[in-house]
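In: Starting from these lines, generate the structure:
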Amino acid sequence: MPAYLAVETSCDETAAAVVADGRRVLSSTVLSQIDEHRQFGGVVPEVAARRHLETVNAVICDAMDQSGLKPQQLSGVAFTAGPGLIGTLLTGISAAKAYAWAHDLPLIAVDHLLAHVCANYLETELAPPFVALLVSGGHTQILHFESYQKARLLGQTLDDAAGEAYDKVARLLGLGYPGGPAIDRLAQTGDPRAFSFPEGHVAGFDFSFSGLKTAVLRTVEKLSPPLPQADLAACFQEAATKVLVRKTIEAARQLKAPAIVVAGGVAANTALRRKFQEQSPVPVFSPPMQFCTDNAAMVAGAAHFCGLSAALDSGVYSRQKR
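Out: Below you'll find the model as predicted:
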């Protein structure tokens, strides 16, 4: 039974997990820093790195204790090598290297984006090929996974990522941080037809969310307080999720993909999940809520299924001519 311990510290969650066979989660510990960064309206890299340094060893110990495994029963130690905040990444990398060295275990560097997609393998029998929509605070991409180890980038955002747009609009509406969950909750009580916000018209499978964000800003500037927050949130979410779903389904249709996978923090968005289930002609997979945001179980899954190709220099995400 191959089992990997993984460490994830790419942003503001200190996480460790043990996963067997790339699918069976034996333990998953996540220590969030949201409350510490809320006062700043976003993640402060120096604060995040210092907090990781204080907690990473305890989180690793907790994950190992919960797993019931001894270090000698592990197949290796995986860690998130990037992308992410440099200081926070270095903390996790150092902790993983020390644990691997102390117990004479192989060390595997995992790409953070690849790990988000691999979250869909946890507790499922999902296997490539499929088209994946990766949506988070820093990235928005459509990828075609031909196998566990081979993926082709079809399109990506040319400016703001979807999650970034959510956070900025939430700030405009006075909803605080993190913005994505706040908008999602509020939108459920709003009218998605109250305002007409434009879709970023970009060729192919690329995206643009800066125009949508600006349209919300201009609308807010014209309105008198109190703002109709729920309606604004609903209309923004309707425009953002509509284009994400439409382009992903079109990519799956063109490539005759048998399934669609949604991954990343924004994969937890209820409107996005609902639209995919209502509109997709093929099965749609998304991780359980606890594995949508940053966690270490997805990193362990990537280590199992992708092996050395999970390293940053693997070229997993290569833009090729379609």
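In: so where's this protein shaky on pLDDT?
Out: Residue ranges of the chain with pLDDT under 70: 308-322.
In: the domain parsing of it - what is it?
Out: Taking automatic domain parsing as the reference, the chain has its domains at 3-123+290-319, 130-287.
In: Can you add mean neighbour count and give these back as TSV?
Out: For the C-beta atoms, the positions are set from N, CA and C on the backbone; glycine is no exception. As requested, the domains of the chain are exported to TSV (neighbours: other CB atoms under 10 Å):
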stretch	mean neighbour count
domain 3-123+290-319	21
domain 130-287	19
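In: ok, which stretches of the stretch 151-300 of the chain are strands?
Out: In the stretch 151-300 of the chain, the strands defined using DSSP state E, counting those that start in this stretch lie at 151-156, 260-263, 284-285.
In: what's the closest of the ones you listed to residue 138?
Out: Nearest to residue 138 among the strands of the stretch 151-300 of the chain is strand 151-156 (11.1 Å), distances taken as CB to CB.
In: That closest one: how far from the chain's middle?
Out: 16 Å (CA atoms, centre = their mean, to the nearest Å).
In: What pairs with it, parallel or antiparallel?
Out: In the sheet, strand 151-156 lines up against strand 140-145 (antiparallel), strand 317-319 (parallel) (DSSP bridges).
In: will you turn the strands of the stretch 151-300 of the chain into JSON lines that also has distance to residue 67?
Out: Converted to JSON lines, the strands of the stretch 151-300 of the chain look like this (distance: least, CB to CB, whole Å):
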{"stretch": "strand 151-156", "distance to residue 67": "29"}
{"stretch": "strand 260-263", "distance to residue 67": "24"}
{"stretch": "strand 284-285", "distance to residue 67": "25"}
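In: Indicate which one of those strands is closest to residue 247.
Out: Nearest to residue 247, of the strands of the stretch 151-300 of the chain and by CB to CB, is strand 151-156 at 6.9 Å.
In: quick one: which of the strands of the stretch 151-300 of the chain is nearest residue 126?
Out: Closest to residue 126 of the strands of the stretch 151-300 of the chain is strand 284-285 (CB to CB; 5.4 Å).
In: From the contact counts, what lies against the closest one?
Out: Using 3 or more CB pairs under 8 Å, 6 or more residues apart in numbering; DSSP states H and E, the elements in contact with strand 284-285 are strand 260-263.
In: what does the strand it packs on contact?
Out: Identification of contacts with strand 260-263 by CB atoms under 8 Å, 6 or more residues apart in numbering yields 116-117, 119-120, 126, 130-135, 145, 248-249, 252, 272-273, 276, 280, 282-287, 292.
In: Narrow these to those in helices?
Out: 116, 117, 248, 249, 252, 272, 273, 276 (DSSP state H).
In: how about those residues in a markdown table, adding distance to residue 301?
Out: Below are the ones in helices among the contacts of strand 260-263 laid out as a markdown table (distance: CB to CB, whole Å):
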| residue | distance to residue 301 |
| --- | --- |
| 116 | 10 |
| 117 | 9 |
| 248 | 22 |
| 249 | 25 |
| 252 | 22 |
| 272 | 22 |
| 273 | 20 |
| 276 | 21 |
